[in-house]
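*Asks:* here's a sequence, model it:
(one chain, ligands or ions: 2)
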Amino acid sequence: MAAASRALLPTPRAAAAASLAGARARLVPASLPFRAHRVRCAVASSPAPVAAPSPSSESAPARRISPAGSDGALRPKPAVLVAEKLSEAGLAVLREFADVECAYGMSPAELLAKVAQFDALIVRSGTKVTREVLEAGRGRLRVVGRAGVGIDNVDLQAATEAGCLVVNAPTANTVAAAEHGIALLASMARNVSQADAALKAGKWQRTKYVGVSLVGKTLAIMGFGKVGSEVARRAKGLGMHVIAHDPYAPADRARAIGVELVSFDEAIARADFISLHMPLIPTTNKIFNDESFAKMKTGVRIINVARGGVIDEDALVRALDSGKVAQAALDVFTVEPPPKDSKLVLHENVTVTPHLGASTVEAQEGVAIEIAEAVVGALRGELAATAVNAPMVPAEVLSELAPYVSLAEKLGRLSVQLVAGETGIKGVKVVYTTARGPDDLDTRLLRAMVTKGLVEPVSSTFVNLVNADYTAKQRGLRIAEERVAHDSPAAEAPLESVQVRLSQVQSRFAGAISDGGDIVLEGRVKYGVPHLTLVGPYEVDVSLEGNLILCRQIDQPGMIGKVGNILGQRNVNISFMSVGRTFRGKQAIMAIGVDEEPDKETLEKIGGIPAVEEFVFLEL
Ligand SMILES: NC(=O)C1=CN([C@@H]2O[C@H](COP(=O)(O)OP(=O)(O)OC[C@H]3O[C@@H](n4cnc5c(N)ncnc54)[C@H](O)[C@@H]3O)[C@@H](O)[C@H]2O)C=CC1
Ligand SMILES: O=C(O)C(=O)COP(=O)(O)O
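*Replies:* Numbering: from 1, shown residues only. Ligands and ions are numbered 1, 2, ... in the order given. Coordinates of the predicted model:
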């Protein structure tokens, strides 16, 4: 009975968890289809905004309620903050789904003050989404949309820790950026901007502005990704010889375009023109510096439409002054806008534009639609195809795994509630029985959901696919996975069963301890619904809906009736009941699914039945 009375007394953390669960339940209408809701949780469900408000969320405006979904249920309309100019086409997509506020040109302080009132934030390159911003948004901000490619202005690590999904719009401005690169290449070679300025100042200087030809010259593309490849194609059309450096580019793509992939040193040593198209990441920061300029041909010309930070700008000024670099054409700068007295910008051999690479009407419309769709999808909880900080799970895989995702979370949720007191979980093993080969079963989502189930009931941490592995690591949870081959290769279901084992822990319910000393729960999906099918050594079969009472007793007639009577008298509806036993007349386990939560007195009455040795009430 000691175990039973412990089970009745929730720890303060369990009570907090229960109220958290209540808060979440209010946000998700009960009528929302079960499976759909659980898949949403897996990806970007609301991080319990009611339960865990951020300091500034008190000032948040009342959330508008809008009818949504085919269930007709009312739910809060998400709010999206657009911090930089976004084309009307994208805003229209956003407005269909969310309350949209466009606040262009905010100072960092204004953004900090505002961000906690929004579910999503959309930026371009001009807004720094720092750890501070993400912390300020914690509790409500779920998605950061980067309306463009480069995400060097978003603190991805901080976003991941906060479970905030970052999506970008990686394709719609590729051609615009490539065209701008070509525009800068050609105008630099022919001194277009300098000659234009001179003529407007009344100077007709035909000999001063003699240029250089492009045809037959070697162009080195540094970063042979989307933009780099498009620049290469166009440069070949201009009759240039194109080489490229990119440690990760597939050789067959380069071959298909007729581009030679070479090492960094070879590329910069052979080139007459060097065009930069790599991302700004730690390994590319100031990769063009005194040392690399020294390896270039004297009189080389450089184009940068990637990021200012890949060049050591002081070193470039030195190289321009010495004539090592004849000319540079720059669309991007380490600090944007650059200081008015920037030697680089003012250098007579430098052509500059104010980060215009993506700024065509067409690209801006495309980017706006691309990011709006990605953000709306993410807010709906769909897995975003352009997620930057979360694994991408294809839609067909997701729909197949949906009931198992729910099963995995529930097994995690149940098993953590079986852990006694403060023993802490050390090792977790998830065992998948499947007929699929390792390449045919992506378990990242399932593992994330087991983590979610294990962590959320005992903390205020919100766990989703974005931060699951990080959260597990932070909490010292080692989650091992094992696949057991199911001997029916013709089986259509991706999984036969999922088992969660917690090793080296004490349990509030001794019946859940397997022969090996682990807490073991196993489940299967039957007709699309998750079922609990194994508790410790006992086989049961109970649908995982509502809540669950596990009861261990001496196997004897009349037990189901006794428990059923007690629950019936207290108006607690039993949804499922299943008895599993080791041997006739020995120990048995009753797994009882209940729609309502029985009060303390009811549970005590069940515990008082003489044959009952222990019982536990578990919330799903
Ligand atoms: N100026 C503007 O308005 C625009 C600038 N961009 C910038 O252009 C850059 C490229 O964009 P995309 O082509 O769309 O990206 P992408 O991801 O398709 O291509 C980047 C390429 O750089 C390569 N790379 C990574 N590290 C490298 C290294 N150390 N050396 C050489 N290559 C390396 C990658 O393997 C990848 O192939 C990004 O920095 C992006 O922010 C993109 C669009 C507009
Ligand atoms: O997409 C990119 O990486 C860009 O640099 C474009 O930046 P923007 O959206 O024009 O501020």
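
*Asks:* what residues does the stretch 451-600 of the chain put near ligand 1?
*Replies:* Not one residue of the stretch 451-600 of the chain sits near ligand 1, judged by C-beta under 6 Å from any ligand atom. The way it works is simple: take the backbone N, C-alpha and C, and place the C-beta from them, glycine included.

*Asks:* apart from its chain neighbours, what residue comes closest to the residue of the stretch 451-600 of the chain found nearest ligand 2?
*Replies:* Nearest residue of the stretch 451-600 of the chain to ligand 2 (C-beta to the nearest ligand atom) works out as residue 466 at 21.6 Å. For residue 466, ignoring the flanking residues on the chain, the nearest one in space by C-beta to C-beta, 6 or more residues apart in numbering is residue 390 at 4.5 Å.

*Asks:* isn't that neighbour up against residue 468?
*Replies:* No. Look at residue 390 against residue 468 with C-beta atoms under 8 Å: they stay out of range, at 9.3 Å.

*Asks:* and whichever residue of the chain sits closest to ligand 1, what are its phi and psi?
*Replies:* Residue nearest to ligand 1 within the chain: residue 225 (1.7 Å; C-beta to the nearest ligand atom). Dihedral pair for residue 225: phi -100, psi -140, per degrees, to the nearest 10.

*Asks:* for residue 480, same thing?
*Replies:* phi -100, psi 150.

*Asks:* in the stretch 51-200 of the chain, where is pLDDT below threshold?
*Replies:* For the stretch 51-200 of the chain, applying pLDDT under 70 flags the ranges 51-75.

*Asks:* which bits of it sit near ligand 2?
*Replies:* Within the stretch 51-200 of the chain, the positions adjacent to ligand 2 are 124, 125, 126, 147, 148, 149, 150, 173 by C-beta under 6 Å from any ligand atom.

*Asks:* neighbour-wise, which one of those leads?
*Replies:* residue 147 (30 neighbours; other C-beta atoms under 10 Å).

*Asks:* which residue is the nearest non-sequential neighbour of that one?
*Replies:* Nearest to residue 147 is residue 371, by C-beta to C-beta, 6+ apart, at 4.2 Å.

*Asks:* same question, residue 360
*Replies:* residue 176 (4.5 Å).

*Asks:* where does the one you found sit, in terms of helix or strand?
*Replies:* helix 174-189 (DSSP states H and E).

*Asks:* check which helices and strands that helix sits against.
*Replies:* Helix 174-189 sits against helix 226-237, strand 273-276, strand 300-304, strand 325-330, strand 350-352, helix 361-380, with contacts defined as 3 or more C-beta pairs under 8 Å, 6 or more residues apart in numbering; DSSP states H and E.

*Asks:* which single residue of this structure ends up nearest ligand 2?
*Replies:* For the chain, C-beta to the nearest ligand atom, closest residue to ligand 2: residue 148, 2.6 Å.

*Asks:* ok, that residue - contacts?
*Replies:* 124, 125, 168, 169, 173, 358, 367, 371 (C-beta atoms under 8 Å, 6 or more residues apart in numbering).

*Asks:* out of the residues you listed, who's near ligand 1?
*Replies:* 173, 358.

*Asks:* which of the contacts of residue 148 lies closest to residue 314?
*Replies:* Closest approach to residue 314 among the contacts of residue 148 (C-beta to C-beta): residue 125, at 22.2 Å.

*Asks:* state whether residue 550 is indeed within a helix.
*Replies:* No. Residue 550 is assigned strand when assessed by DSSP: H, G, I helix; E, B strand; the rest coil, not a helix.

*Asks:* surely it touches residue 616?
*Replies:* Yes. Between residue 550 and residue 616 there is a contact at 5.2 Å, judged by C-beta under 8 Å.

*Asks:* shared neighbours, the two?
*Replies:* residue 509.

*Asks:* contact residues of this protein facing ligand 2?
*Replies:* Within reach of ligand 2 by C-beta under 6 Å from any ligand atom, the chain has these residues: 124, 125, 126, 147, 148, 149, 150, 173, 355, 357, 358, 359.

*Asks:* okay, and which of those map to strands?
*Replies:* Residues from those lying in strands, with DSSP state E as the criterion: none.

*Asks:* quick one: contacts for residue 276?
*Replies:* Contacts of residue 276 (C-beta under 8 Å, 6+ apart): 222, 223, 288, 302, 303, 304, 305, 306, 310, 311.

*Asks:* over to residue 249?
*Replies:* Residue 249 makes contact with 224, 225, 261, according to C-beta under 8 Å, 6+ apart.

*Asks:* could you check how far it is from residue 255?
*Replies:* 11 Å (C-beta to C-beta, to the nearest Å).

*Asks:* picking that back up, burial measure for the residue of the chain closest to ligand 1, as a count.
*Replies:* So residue 225, with other C-beta under 10 Å, has 19 neighbours.

*Asks:* residue 238 now?
*Replies:* 16.

*Asks:* can you check the one 3 residues further on too?
*Replies:* Counted with other C-beta under 10 Å, residues neighbouring residue 241 total 18.

*Asks:* I figured it hits residue 221, correct?
*Replies:* No. Look at residue 241 against residue 221 with C-beta under 8 Å: they stay out of range, at 11.5 Å.

*Asks:* in this protein, which helix has the most residues?
*Replies:* When the chain is parsed with DSSP state H, its longest helix is helix 395-417.

*Asks:* show me which positions of that helix end up buried.
*Replies:* 397-398, 400-417 (16 or more other C-beta atoms under 10 Å).

*Asks:* what do you get for stretch 458-474?
*Replies:* 458-459, 461-472.

*Asks:* now swap in stretch 481-494 and tell me
*Replies:* 483, 486, 493, 494.

*Asks:* how far does that stretch sit from its chain's centre?
*Replies:* 28 Å (C-alpha atoms, centre = their mean, to the nearest Å).

*Asks:* for it, give me every contacting residue.
*Replies:* 400-401, 404, 429-436, 438, 440-441, 443, 447, 496, 525.

*Asks:* please redo it, this time with the cut-off set to 10 Å
*Replies:* With contact meaning C-beta atoms under 10 Å, 6 or more residues apart in numbering, stretch 481-494 is reached by 397, 400-401, 403-404, 428-438, 440-444, 446-447, 450, 495-497, 499, 501, 524-526.
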